[in-house]
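Peer 1: Sharing a sequence plus its predicted fold:
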Amino acid sequence: MRSLPVLVLVAACNGPGGTDEGTASPSDKASPTDGMDTGTPTPYTTPTECGEDSGFDVLDVVVGSMQGLPTAATVAVSTTAPINVWVDCTLQSAPSPWRELVSMGWSWSYTDDGSDPGGDWMTVGFDDSAWATGGAPLGYGEDVVTTLQGGPGGDAPPATYYRGSFDLADPAAVEDLRLDVRRDDGIVVFLNGTEVARDNVAAGPVDHGTSALVGLTGADAELSPVRFDVSPDLLVAGENRIAVALYQASGSSDAGFDLRLAARVTDNTPEVHLLESASPGAQHDLTLLGLLGDATYACTAQTTCGGADMAFTVQTSGFMVPPPTLARHADSGDPAWGTYTLFNSLSACGSENNHRLVMVDPEGRTRWVYLLQGLSGIRTMDVEAEWLGDDRVLWGGGDDLDGVPQIVTLDHTVAHRAGFSGADEESYHHDVEYLDDGQILGIADGAVTPDGAEYWAGFKLIQHDPDTQEITWEWTAQTGFDSGNLPADGSGDPYHINSLAAVDDVDGAGVYATLLTTSQVIRVDKDSGEVTWKLGAGGDFALVDQAGSPLDDSYWFNGMHAIDVFGDRVFIYENGYGDSRSEVLEFSLDIPNRVATLEWAWSEPRWYEPNWGDADLLPNGNVLVGMGHAWCLGGNNDHMGAFLEIDPATDDVVWRLNMLDSDDSMYRSQQITGCDVFGNTRYCPDVATRLAKLQAARP
């Protein structure tokens, strides 16, 4: 990706200053346990002792761009003497975030008796109190939440009618309005009494006897939403009404309806970024991170000892490759714990093949992006990215030689790339993990070859030391096969490992690995190399509920793509092959007695993603769920990808971001605070407090 230009502004006070656009070196702070951001900000620097002379001036400021990173800017500050400086940048303008006004799965008033609702049924003042209510999708003959009267067999009414409302405080703040409608077969949509969308219905007047033009068949046609741009001028302050008529092509067709209305809404929330020097000096090369793309910031550079300061402007550029479009769910609050969400992003089912790591804020706006060079196409989606603290991200995978484990800093410096003997010959995939002692564990390809002839796909677990670039532990599926603990099922891919977790449990040091094909978790002992036990249907553990009563095998996972382990607590992201229903499961393990207790399960209607996704336990006890999405690989077309923070005590979704475009995909996600690297007062109260102290202490 070529360099993205940023406005360069030289503002001299008493003379010319330096023009070095280098960046500050990343610190070497130890990583949090298990690579988890604990939410503790890095201590800020202590202001320089100024003495009697506090007239140290800022001479010069030079703003520069960063290669391929429009959400960052370099700032070179020159002063008249060795002194500490700080820079604060206030957001002036930026593209507005998206927010759902009506979300898929909404509750609607509806009538399905086939009668004429009257000519004013779509108006704001129409009385629909006698209508029934139900959650979307609504319909019959399909996988729906609310089943309507009639159905295939010649007795379906030609038309069914739906009404819903949402409140809006300031319609003038809505810049764009986008409508996505799932319809089977035809649809006409009204906003506050004005028609705004029509599909598969002839032009002209319609009534309760109108039929759709053609009957839709197949999941792509029946379930994939159609999109319409709507004029924001139709919105009003207070209650807004949506009215929908769904038309069938014939009495024997099936029916389905759901709807999303998303708005780009002006956001005037104050945002200030604080950046401080690490030590006194006459020249400071600083890097502003976590800015918004295509945004303007009004900045000031100041010394901690008074004297002349300097105002300047940072103008970030737009994205060469558009980031995924995300919108807060209509009922979403703020995240209860984290601020920024890290994930890998690819238009997996579309034509755009730029695989990236992305961090977004709670509104879904991109704050950091990193292009994964060499990785493109849907087969490379199985990439793990893990936040290590400071400004470091570990990533690896993609079933590609270019996916060798590596650590990249937020300024796009590759701080580490696996270089042990043969590292560039390994095709890593699905998962990579940073261990407590600083070593890196990952999954690579490896064939099982009984009798010396390659026979079926296996795998390797490879652990290496980044400091010495040596392999410190390795285990292969061949070892498990030779010991009789990993039998084959006669297929070419009898295991399909896709996630791992290094553990130190009651049996010592080990690795838990998920095998998709067998729907089991195996434990590999790192000392003996033995498969100690298997978890899942047909495994070594009895499954019980919280009361200790036995559960049958249907309560186990059936296909899974992620595991997260905390002591005896195991979280599984289950894809749900058996019943086409994805869910998150929590088990507690009594390993000595081989008993697994199902502690918690969570799902929602229409959620089926058979390929990707994960679930992580957050420090506050909530669970982050990353709903991977790939409609072209069998996921439900009308349930797109999302990020959710769930309170397992209540099953409440406290925060949710939805992907608005069906082609956007992700594999894994992680929630972090980001306060120690992005310095954004909007999301970090400690940063705001620090800025106030700096301003108050300045002579």
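Peer 2: Noted; the coordinates are in hand.
Peer 1: The worst-scoring helix or strand of the chain on mean pLDDT: what's the following helix or strand?
Peer 2: Within the chain, no helix or strand scores below helix 219-223, which has a mean of 72 by mean pLDDT, DSSP states H and E. On the C-terminal side of helix 219-223, the closest following helix or strand by DSSP states H and E is strand 226-230.
Peer 1: Can you give me the pLDDT of residue 353?
Peer 2: Looking at residue 353, its pLDDT is 77.
Peer 1: So what touches the least confident helix or strand of the chain?
Peer 2: 142, 182, 184, 216, 254, 256, 636, 637, 638 (C-beta atoms under 8 Å, 6 or more residues apart in numbering). Quick note: C-beta positions are derived from backbone N, CA and C, even for glycine.
Peer 1: So which of those residues are in helices?
Peer 2: Residues of these located in helices (DSSP state H): none.
Peer 1: between the residues you listed, which is closest to residue 228?
Peer 2: Residue 228 lies nearest to residue 182 out of the contacts of helix 219-223, by C-beta to C-beta, at 12.7 Å.
Peer 1: And for that closest one, the neighbour number?
Peer 2: The number of residues packed near residue 182 is 24, by other C-beta atoms under 10 Å.
Peer 1: for the closest residue to it other than its chain neighbours, helix, strand, or coil?
Peer 2: Excluding the flanking residues, the one nearest residue 182 by C-beta to C-beta, 6 or more residues apart in numbering is residue 258, at 4.2 Å. Following DSSP: H, G, I helix; E, B strand; the rest coil, the label given to residue 258 is strand.
Peer 1: ok, residue 683 touching residue 365?
Peer 2: No: counting by C-beta atoms under 8 Å, residue 683 sits too far from residue 365 to count as a contact (11.7 Å).
Peer 1: returning to what we had before: buried subset of the contacts of helix 219-223?
Peer 2: 142, 182, 184, 216, 254, 256, 636, 637, 638 (16 or more other C-beta atoms under 10 Å).
Peer 1: residues contacting the fourth one?
Peer 2: When contacts are counted by C-beta under 8 Å, 6+ apart, residue 216 is found next to 183, 184, 185, 200, 222, 249.
Peer 1: if I look at the fourth one, how far off is residue 221?
Peer 2: Using C-beta to C-beta, to the nearest Å, one obtains 9 Å as the distance from residue 200 to residue 221.
Peer 1: who has more neighbours, those two?
Peer 2: residue 200 (20 against 16).
Peer 1: for the nearest residue to that one once chain neighbours are set aside, which residues make a bridge with it?
Peer 2: Among residues not flanking residue 200 along the chain, residue 186 sits closest, at 3.7 Å (C-beta to C-beta, 6+ apart). On DSSP bridges, the residues paired with residue 186 through beta bridges are residue 247.
Peer 1: what residues are up against residue 186?
Peer 2: Residues in contact with residue 186 (C-beta under 8 Å, 6+ apart) are 199, 200, 201, 211, 212, 213, 246, 247, 248, 249.
Peer 1: Who wins on neighbours among the residues you listed?
Peer 2: residue 246 (29 neighbours).
Peer 1: That one touches residue 159, doesn't it?
Peer 2: Yes: if you go by C-beta under 8 Å, residue 246 and residue 159 touch, sitting 6.7 Å apart.
Peer 1: coming back round to it: correct me, but the residue nearest to residue 182 touches residue 104?
Peer 2: Yes: Residue 258 is within contact range of residue 104, at 5.2 Å (criterion: C-beta under 8 Å).
Peer 1: Low-confidence ranges, the protein, go.
Peer 2: Scanning the chain for pLDDT under 70 picks out the ranges 1-54, 151-155, 220, 451-454.
Peer 1: Could I get the full set of strands for the stretch 101-250 of the chain?
Peer 2: Taking DSSP state E, counting those that start in this stretch, the strands of the stretch 101-250 of the chain run over residues 107-111, 132-135, 138-140, 146-147, 159-168, 174-184, 186-191, 194-199, 226-230, 238-247.
Peer 1: Out of these, which gets nearest to residue 56?
Peer 2: strand 174-184 (44.2 Å).
Peer 1: For the closest one, which residues meet the burial criterion?
Peer 2: 174, 177, 178, 179, 180, 181, 182, 183, 184.
Peer 1: Give the pairing partners of that strand; include direction for each.
Peer 2: Going by DSSP bridges, the partners of strand 174-184 are strand 226-230 (antiparallel), strand 255-265 (antiparallel).
Peer 1: Make TSV out of these and add distance to residue 532.
Peer 2: Output for the strands paired with strand 174-184, formatted as TSV (distance: least, C-beta to C-beta, whole Å):
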stretch	distance to residue 532
strand 226-230	51
strand 255-265	46
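Peer 1: Ranking those by mean neighbour count, which comes first?
Peer 2: Highest mean neighbour count among the strands paired with strand 174-184 (mean count of other C-beta atoms under 10 Å): strand 255-265, with a mean of 24.
Peer 1: Show the subsequent helix or strand relative to it.
Peer 2: strand 272-276.
Peer 1: Can you name every helix or strand that that next one contacts?
Peer 2: The contact analysis (3 or more C-beta pairs under 8 Å, 6 or more residues apart in numbering; DSSP states H and E) places strand 272-276 against strand 85-93, strand 281-288, helix 685-697.
Peer 1: quick one, which of the ones you listed is nearest to residue 677?
Peer 2: Closest among these, using C-beta to C-beta: strand 281-288, at 9.7 Å.
Peer 1: Quick one: residues in contact with the helix or strand that the closest one is followed by.
Peer 2: Once the chain leaves strand 281-288, the next helix or strand it forms, by DSSP H and E, is strand 296-303. The set of residues external to strand 296-303 that reach it, using C-beta under 8 Å, 6+ apart, is 56-58, 61, 75, 77, 79, 83-94, 273, 291, 309-316, 694, 698.
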